[in-house]
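*Asks:* here's a sequence, model it:
(one chain, ligands or ions: 2)
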Amino acid sequence: MNILVVGSGGREHAIAHKVSQSPNVNKLVVAPGNAGTAEVATNVEVGVNDFDGIKALVLKEQINLVVVGPEDPLVNGIHDFFLNDGQLKNVPVIGPQKAAAELEGSKEFAKEFMMRHNIPTAAYQSFTSDNLEEGYAFLETLKPPYVLKADGLAAGKGVLILQDLDVAKAELKAMLLDSKFGQASATVVIEEFLDGIELSCFVLTDGSNYKILPTAKDYKRIGEGDTGLNTGGMGAISPVPFADSAFMGKIEERIVKPTVEGLKKDNLPYVGFIFIGLIKVGDNPKVIEYNVRMGDPETEVVIPRLQSDLVNVLVAMSKGKLNEIDLEIDERAATTVMAVSGGYPEAYEKGKEITGVDTIEDSLVFHAGTKENNGKVVTNGGRVITVTSFGDNFKEALQKSYQNIEKLHFEGIYYRKDLGFDL
Ligand code: AMP
Ligand code: GLY
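*Replies:* Ligands and ions are numbered 1, 2, ... in the order given. Predicted structure coming up:
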């Protein structure tokens with residue numbers, strides 16, 4: 001069959017890499033892709049929100065299945081676009097329909113969903129410019145730190161965690177009245193601060209059945225010891241050592257099952273990946289957020305551990321037959337270490353030549369922000385390239401990722417050297 005992967009990051013390279021290993025694939029296309037996906041697929045320069053361009057591509061390449069990587073096109077309704085188009089309606093899309101993608105598109109929607117279905121999460125209230133004063137009053141009832149979340153998509157920047165009440169009030173005002181995050185902060189969710197260690201759980205669903213993929217932990221801050229600005233993710237580890245079977249049982253019973261059942265009860269059509277951001281408070285899991293896609297860089301450790309044919313899994317999902325699939329998972333640990341451009345997550349330069357990839361033999365190298373330029377591979381984003389390794393435990397795997405990332409070079413290269421420090 002012919003498969004299209006939509007997106008251009010490390011997540012999409014890892015998905016395309018796995019899909020390309022399936023004997024069931026004839027043609028693999030990535031839109032728009034990067035220099036890494038070009039090695040395992042054909043890149044086509046079509047943007048992820050260019051639905052008409054994607055339609056033309058699907059028809060031209062006779063695509064039989066579409067896997068959507070990032071959240072943007074899902075929240076914008078790419079799945080519904082296919083269903084409403086006479087020529088596309090029989091092409092399955094992996095990714096929820098627009099109504100269900102609101103789980104990531106609106107924090108308020110996600111909180112209401114969790115309340116309705118008794119899914120453990122932080123206590124909260126939401127506010128708009130109409131009830132700013134009530135927002136101040138609610139903040140006064142809370143203890144610091146204060147957690148303020150822009151309701152809509154804000155490219156991972158819409159969450160503020162503040163120690164000082166006056167600063168929190170000023171930020172609430174800036175979000176609601178001065179559009180600090182544009183339309184995304186027209187509504188703000190204020191929630192109770194949860195103190196604990198974070199992990200992510202990934203679920204596949206066909207709308208009725210589900211399968212739980214390996215857990216992962218990512219490292220979001222730019223600086224060692226989890227300091228400095230937030231990034232898209234500086235590396236990841238799978239599995240998460242503290243997520244033992246008793247804890248996983250709680251996640252499945254209290255969170256995964258009610259989530260999948262809740263989607264069904266609420267008539268939210270969902271065929272795709274559910275990424276559940278969790279925090280372990282004491283011995284109990286609570287949901288911090290839902291994402292309606294795989295994580296990046298978590299995909300770069302979760303998908304390599306999948307031994308089953310990913311295409312068979314995706315086809316089963318699209319047919320509502322996920323119950324007929326058994327996931328085979330590599331028992332070994334996987335780690336990935338992300339190399340980023342100097343200056344990221346603030347201003348950085350692009351176009352720096354990347355060398356050394358060919359010298360890495362016993363790790364997988366996934367491209368994030370790269371492109372080909374006159375026969376050279378150059379940097380094309382903040383997060384550039386990531387090195388995934390296996391080991392009997394995460395420390396062994398990390399050692400290999402660190403040995404190999406040293407073989408990569410580009411001007412300004414930076415990566416965190418302390419992943420796993422908190423485990
Ligand atoms: P989100 O975009 O919702 O994942 O939030 C970004 C980050 O903020 C999370 O990964 C957490 O580290 C932190 N965070 C969000 N909500 C809370 C909360 N209620 N308590 C503590 N930390 C939080
Ligand atoms: N690594 C976090 C995310 O993909 O949202």
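
*Asks:* can you pull the residues of the stretch 251-400 of the chain lying near ligand 1?
*Replies:* Residues of the stretch 251-400 of the chain lying near ligand 1 by C-beta under 6 Å from any ligand atom: Gly277, Ile288, Glu289. C-betas here are computed from N, CA, C, even on glycine.

*Asks:* any idea how far stretch 292-302 is from the chain center?
*Replies:* Taking C-alpha atoms, centre = their mean, to the nearest Å, one finds stretch 292-302 lying 5 Å from the centre of the chain it belongs to.

*Asks:* Glu349: neighbour count?
*Replies:* 11 (other C-beta atoms under 10 Å).

*Asks:* ok, it - contacts?
*Replies:* Residues near Glu349 by C-beta atoms under 8 Å, 6 or more residues apart in numbering: Ser341, Gly342, Gly343, Thr379, Gly412.

*Asks:* next one: Asn90
*Replies:* So Asn90 contacts nothing (C-beta under 8 Å, 6+ apart).

*Asks:* leaving out sequence neighbours, find the closest residue to Ala186.
*Replies:* Take Ala186 and drop its neighbours on the chain: the residue closest to it by C-beta to C-beta, 6 or more residues apart in numbering is Thr128, 6.4 Å away.

*Asks:* which SS class is the residue in the stretch 201-350 of the chain that ligand 1 sits nearest to?
*Replies:* Residue nearest to ligand 1 within the stretch 201-350 of the chain: Glu289 (3.7 Å; C-beta to the nearest ligand atom). The three-state label given to Glu289 by DSSP: H, G, I helix; E, B strand; the rest coil is strand.

*Asks:* correct me, but it touches Ala110?
*Replies:* Yes: counting by C-beta atoms under 8 Å, Glu289 touches Ala110, with 6.8 Å between them.

*Asks:* just the pLDDT for the spatially most central residue of the chain.
*Replies:* When C-alpha atoms, centre = their mean is applied to the chain, the residue found nearest the centroid is Gly295 (2.1 Å). You'll see Gly295 listed with a pLDDT of 96.

*Asks:* list the contacts for the closest residue to Pro269 other than its chain neighbours?
*Replies:* In space, and not counting its chain neighbours, Pro269 is closest to Gln97: 4.5 Å by C-beta to C-beta, 6+ apart. Neighbour list for Gln97: Gly77, His79, Asp80, Leu83, Leu268, Pro269, Tyr270 [criterion: C-beta under 8 Å, 6+ apart].

*Asks:* please list the residues of the stretch 101-250 of the chain that sit near ligand 1.
*Replies:* Going by C-beta under 6 Å from any ligand atom, the residues of the stretch 101-250 of the chain near ligand 1 are Ala122, Val147, Lys149, Val159, Glu191, Phe193, Leu194, Glu198.

*Asks:* just the buried subset of these, please.
*Replies:* Among those, those classed as buried by 16 or more other C-beta atoms under 10 Å are Ala122, Val147, Lys149, Val159, Glu191, Leu194, Glu198.

*Asks:* which SSE is immediately downstream of whichever strand or helix holds Ala38?
*Replies:* In this assignment (DSSP states H and E), Ala38 forms part of helix 37-40. Where DSSP H and E defines the elements, the next helix or strand beyond helix 37-40 is strand 42-43.

*Asks:* how far does that following strand sit from the chain's center?
*Replies:* For strand 42-43, the distance to the chain centre is 22 Å (C-alpha atoms, centre = their mean).

*Asks:* from ligand 2, how far off is Leu103?
*Replies:* Distance of Leu103 to ligand 2, given as C-beta to the nearest ligand atom, to the nearest Å: 13 Å.

*Asks:* does that residue touch Val292 like I think?
*Replies:* Yes: using C-beta under 8 Å, Leu103 is in contact with Val292, at 5.7 Å.

*Asks:* between those two, which is the more surrounded one?
*Replies:* Neighbours per residue, other C-beta under 10 Å: of Leu103 and Val292, the larger number sits with Leu103, 28 against 24.

*Asks:* and the gap between the closest residue to the more buried one other than its chain neighbours and Asn230?
*Replies:* Excluding the flanking residues, the one nearest Leu103 by C-beta to C-beta, 6+ apart is Tyr290, at 4.2 Å. Noted for Tyr290: a distance of 18 Å to Asn230, by C-beta to C-beta, to the nearest Å.

*Asks:* okay, those two: which has more neighbours?
*Replies:* Counted by other C-beta under 10 Å, Tyr290 and Asn230 do not tie: Tyr290 has more neighbours, with 22 against 13.

*Asks:* who's in contact with the residue nearest to Leu103?
*Replies:* Leu103, Glu104, Ala110, Phe113, Thr259, Ile274, Phe275, Ile276, Gly277.

*Asks:* of those, which is the most crowded?
*Replies:* Leu103 (28 neighbours).

*Asks:* helix or strand for that residue, which one?
*Replies:* Short version: Leu103 belongs to helix 98-105, going by DSSP H and E.

*Asks:* list the helices and strands the helix or strand just after that helix packs on?
*Replies:* Toward the C-terminal end, the helix or strand that comes next after helix 98-105 (DSSP H and E) is helix 107-116. Using 3 or more C-beta pairs under 8 Å, 6 or more residues apart in numbering; DSSP states H and E as the contact test, the elements touching helix 107-116 are helix 98-105, strand 124-127, strand 188-191, strand 284-291.
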